[in-house]
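[1] One predicted model, sequence on top.
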Amino acid sequence: MAGVAGGGGGGGGNDFQWCFSQVKGAIDEDVAEADIISTVEFNYSGDLLATGDKGGRVVIFQREQENKSRPHSRGEYNVYSTFQSHEPEFDYLKSLEIEEKINKIRWLPQQNAAHFLLSTNDKTIKLWKISERDKRAEGYNLKDEDGRLRDPFRITSLRVPILKPMDLMVEASPRRIFANAHTYHINSISVNSDHETYLSADDLRINLWHLEITDRSFNIVDIKPANMEELTEVITAAEFHPHHCNVFVYSSSKGTIRLCDMRSSALCDRHSKFFEEPEDPSSRSFFSEIISSISDVKFSHSGRYMMTRDYLSVKVWDLNMENRPVETYQVHEYLRSKLCSLYENDCIFDKFECCWNGSDSAIMTGSYNNFFRMFDRNTRRDITLEASRESSKPRAILKPRKVCTGGKRKKDEISVDSLDFNKKILHTAWHPTENIIAVAATNNLYIFQDKIN
Amino acid sequence: MSEKLSADSRCEQTGDEKQDTQEKEAVVPERAEEAKLKAKYPNLGQKPGGSDFLMKRLQKGQKYFDSGDYNMAKAKMKNKQLPTTGPDNNLVTGDHIPTPQDLPPRKSSLVTSKLAGGKNSIPRKDRVLRAEEWTLGGLTLCLLVQ
């Protein structure tokens, strides 16, 4: 069965299939909380893939150069660097436990040999520099090769240290720590197209930072009401426009998106555009607001569209049209008749992310039972795939999955009641130019590629 | 604009149905679910969806401890048994005395992520370092820690 493509940088191929490429992580049944992956992000070239987990650790994978002697390995991702980004903290003043969980990682565009990324937990954003070192200096005057200090009286001559090649080392160092600017939990960070500033958003406020300045940030959105009893909505995600450095959007728990222009005023409490799909008042229920809460917002690479993910669907909006989305895709509509139990087990509050492919022709988002969904915007075809160890033979083609809602269940289908709601795919990422996707299934990272080649 | 459902989702409603019938049928399960929920929790939803739920969300992770309350409770309890904790032990202060069982387990020592180890992931580089920097009186020192 033909799958859903993106067509990398060129035209969309629509007759290819997704294949298993790699899986990272332990196979244990007992998953340690710290190992749960909380964010996945490709860098701008797609050569690096970063993951963050609940234990505050970042692991970066690098794509191997294509090897003529092993043509089938076709650019596998292997560990490049790993480091502890955030550690658990306790705020004694407010009696708050600060989790070390990495909420988001965002790469900076590469400007020199080193790589930079921003990683954030609930309270603190850090800028990390990842650099390679393949030379060391030998022949110091004041110390021996093993580092011990030489007795200065024994030094009789001076020599110039020389650089010698050494085994490649990858170092990660925190270059900036942006702290103490958020009272509430940070849910988003977004690097601006000016490559100098970035925004960080928590439940009620959005701050603008300069990458070089850590002791100050500028508050650009503040929706905290004077009386907290009047609180009706919170900020759920925010992102800068990919080309216009003055434009950003933020989504809310009420299913609305506001686009703000920093040129119009310093404090962007008043939006420039307000995106909301009108609701049929007769269809309103207790769950309406909860399932309309937007968990992720992403601009298309073109900058013309944006995509939002709410509990049951993904919507594509044209920035020029505020009154309704231009496309709506149902992710798992069969869950609508399970909302009561999903509310009781808190699954209704799960925050799924979504992503575009490089050419904006396809979108992807996760679901339960380790299923993830892809939608081709041109052909309107969609597909459900599963990230599982069973289909993890090298280059094995992924079989489309189907959920049966009622009536006769066909052979390969799975019924809604058999879905495992503990196996959630919240985080997925699509390579910026090729058909390679990274899917985080709890503590495992799956990488899938297209079959062409 | 009507939603176009794909041919792949044969088990779900097809795009052949008219939009409002589709919406009605979509709403009925949601209303049925709402009725189920209200039957289980009659006090739910007195306030519109918002405030309580949002406040709970904003206060996630907050733990309160008041040493004055703690000592008062201990004094009160001098002759009686220490009260056991209820399910809301994080929200109430003073009425109960935290016991070692209440305390969250100490987080285990930080180890390398399993994504970076094990036979499924081949470390590409030989060694991974973490460089730490301190600024000491204007002088920046860099220590390579393995």
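    Yep, that arrived.
[2] which residues does the residue in the stretch 251-400 of chain A that chain B sits nearest to contact?
    Ranked by Cβ to the nearest Cβ, the top residue of the stretch 251-400 of chain A for proximity to chain B is residue A:337, at 3.6 Å. No exception for glycine: its C-beta is placed from N, CA and C like everyone else's. Neighbouring residues of residue A:337 by Cβ atoms under 8 Å, 6 or more residues apart in numbering or on different chains: A:405, A:416, B:29, B:30, B:32, B:33.
[3] Give the ChimeraX command for selecting the buried subset of those.
    A single ChimeraX command is used to select the members of these judged buried by 16 or more other Cβ atoms under 10 Å in any protein chain shown:
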select /A:405,416 /B:29,30,33
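[4] what's the top strand by length along chain A packed up against?
    Using DSSP state E, we find that the single longest strand of chain A is strand A:162-178. Using 3 or more Cβ pairs under 8 Å, 6 or more residues apart in numbering or on different chains; DSSP states H and E, the elements in contact with strand A:162-178 are strand A:77-84, strand A:125-138, strand B:127-136.
[5] So which bits of the longest one are buried?
    Same thing as strand A:125-138. Applying a neighbour-count criterion of 16+ other Cβ under 10 Å, the buried positions in strand A:125-138 are A:125, A:126, A:127, A:128, A:129, A:130, A:131.
[6] isn't the fourth one right next to residue A:85, touching?
    To tie it back to what came earlier, the one meant is residue A:128. Yes - under the contact definition of Cβ atoms under 8 Å, residue A:128 touches residue A:85, with a separation of 6.8 Å.
[7] so what sits against both of those two?
    With contacts taken as Cβ under 8 Å, 6+ apart, residue A:128 and residue A:85 have A:58, A:119, A:174 as neighbours in common.
[8] and stretch A:358-373, how far from the chain's centre?
    When distances are taken as Cα atoms, centre = their mean, to the nearest Å, stretch A:358-373 is centred 13 Å away from the chain's centroid.
[9] Just confirm yes or no for it near chain B.
    No - Stretch A:358-373 lies apart from chain B when judged by Cβ under 8 Å from any Cβ of the partner chain; the minimum separation is 10.1 Å.
[10] which stretches of the stretch 351-453 of chain A have low pLDDT?
    Under the criterion of pLDDT under 70, the regions of the stretch 351-453 of chain A flagged as low confidence span A:452-453.
[11] Up against chain B, what does it have?
    Within reach of chain B by Cβ under 8 Å from any Cβ, the stretch 351-453 of chain A has these residues: A:375, A:380-384, A:400, A:402-405, A:407, A:413, A:443, A:445.
[12] please redo it, this time with the cut-off set to 6 Å
    Counting by Cβ under 6 Å from any Cβ of the partner chain, the positions of the stretch 351-453 of chain A adjacent to chain B are A:380, A:381, A:382, A:404, A:405, A:445.
[13] Got phi/psi on the first one?
    The main-chain torsion angles of residue A:380 are listed as degrees, to the nearest 10 and equal phi 60, psi 20.
[14] ok, it - how many residues close by?
    Neighbourhood size, residue A:380 [other Cβ atoms under 10 Å in any protein chain shown]: 16.
[15] same thing with the third one?
    Number of residues near residue A:382 (other Cβ under 10 Å) recorded here: 22.
[16] Show me the beta-bridge partners of it.
    For residue A:382, the beta-bridge assignment (DSSP bridges) gives partners residue A:375.
[17] Confirm for me that it is in contact with residue A:375.
    Yes - contact between residue A:382 and residue A:375 holds when scored by Cβ atoms under 6 Å: they sit 4.6 Å apart.
[18] Pull up the gap between residue A:273 and residue A:248, please.
    Per Cβ to Cβ, to the nearest Å, residue A:273 is found 11 Å from residue A:248.
[19] out of those two, which sits in the more crowded spot?
    Relative neighbour count places residue A:248 above the other of residue A:273 and residue A:248, with 26 against 16, counting by other Cβ under 10 Å.
[20] other SSEs contacting the helix or strand where that one lies?
    When elements are assigned from DSSP states H and E, residue A:248 belongs to strand A:247-252. Strand A:247-252 sits against strand A:235-240, strand A:257-261, with contacts defined as 3 or more Cβ pairs under 6 Å, 6 or more residues apart in numbering or on different chains; DSSP states H and E.
[21] Dump the ones you listed to a markdown table, plus distance to residue A:147, mean pLDDT and mean neighbour count.
    Listed next are those as a markdown table, based on distance: least, Cβ to Cβ, whole Å; pLDDT from 0 to 100; neighbours: other Cβ atoms under 10 Å in any protein chain shown:
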| stretch | distance to residue A:147 | mean pLDDT | mean neighbour count |
| --- | --- | --- | --- |
| strand A:235-240 | 45 | 98 | 24 |
| strand A:257-261 | 54 | 97 | 21 |
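[22] With distance to chain B added, can I get the ones you listed in CSV?
    Supplementary listing: the helices and strands packed on strand A:247-252 in CSV, determined by distance: least, Cβ to the nearest Cβ, whole Å:
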stretch, distance to chain B
strand A:235-240, 10
strand A:257-261, 18
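[23] For residue A:318, find the nearest of these.
    Using Cβ to Cβ as the criterion, the shortest distance between residue A:318 and the helices and strands packed on strand A:247-252 is 11.8 Å, found for strand A:257-261.
[24] between that closest one and strand A:247-252, how many degrees?
    Using axes from the mean of the first three to the mean of the last three Cα atoms, to 10 degrees, the inter-axis angle of strand A:257-261 relative to strand A:247-252 is 150 degrees.
[25] Show me what strand A:257-261 is packed against.
    Counting by 3+ Cβ pairs under 6 Å, 6+ apart, the elements that strand A:257-261 packs against turn out to be strand A:247-252, strand A:273-275.
[26] quick one: strands adjacent to the shortest one?
    Translated: strand A:273-275. strand A:257-261 (antiparallel).
[27] Please apply the same query to the longest one.
    For strand A:247-252, sheet partners with direction are given as strand A:235-240 (antiparallel), strand A:257-261 (antiparallel), following DSSP bridges.
[28] For the last one, give me every contacting residue.
    Applying Cβ atoms under 6 Å, 6 or more residues apart in numbering or on different chains, the set of residues contacting strand A:257-261 from outside is A:246, A:247, A:248, A:249, A:250, A:251, A:268, A:271, A:272, A:273, A:274, A:275.
[29] Hmm, the first one is touching residue A:262, no?
    What it means is residue A:246. Yes - using Cβ under 6 Å, residue A:246 is in contact with residue A:262, at 4.6 Å.
[30] As a check, name the ranges of all helices in the stretch 301-450 of chain A.
    A:339-344 (DSSP state H, counting those that start in this stretch).
[31] Next one: stretch A:117-132, is it in contact with chain B?
    No - with Cβ under 6 Å from any Cβ as the measure, stretch A:117-132 is seen stopping short of chain B, the closest distance being 7.7 Å.
[32] which residues sit against whatever helix or strand residue A:60 lives in?
    Mapping residue A:60 onto the secondary structure by DSSP H and E places it in strand A:57-63. Outside strand A:57-63, the residues within contact range by Cβ under 6 Å, 6+ apart are A:47-52, A:75, A:77, A:79-85, A:119, B:113, B:115-116.
[33] Kind regards, and thank you for your time.
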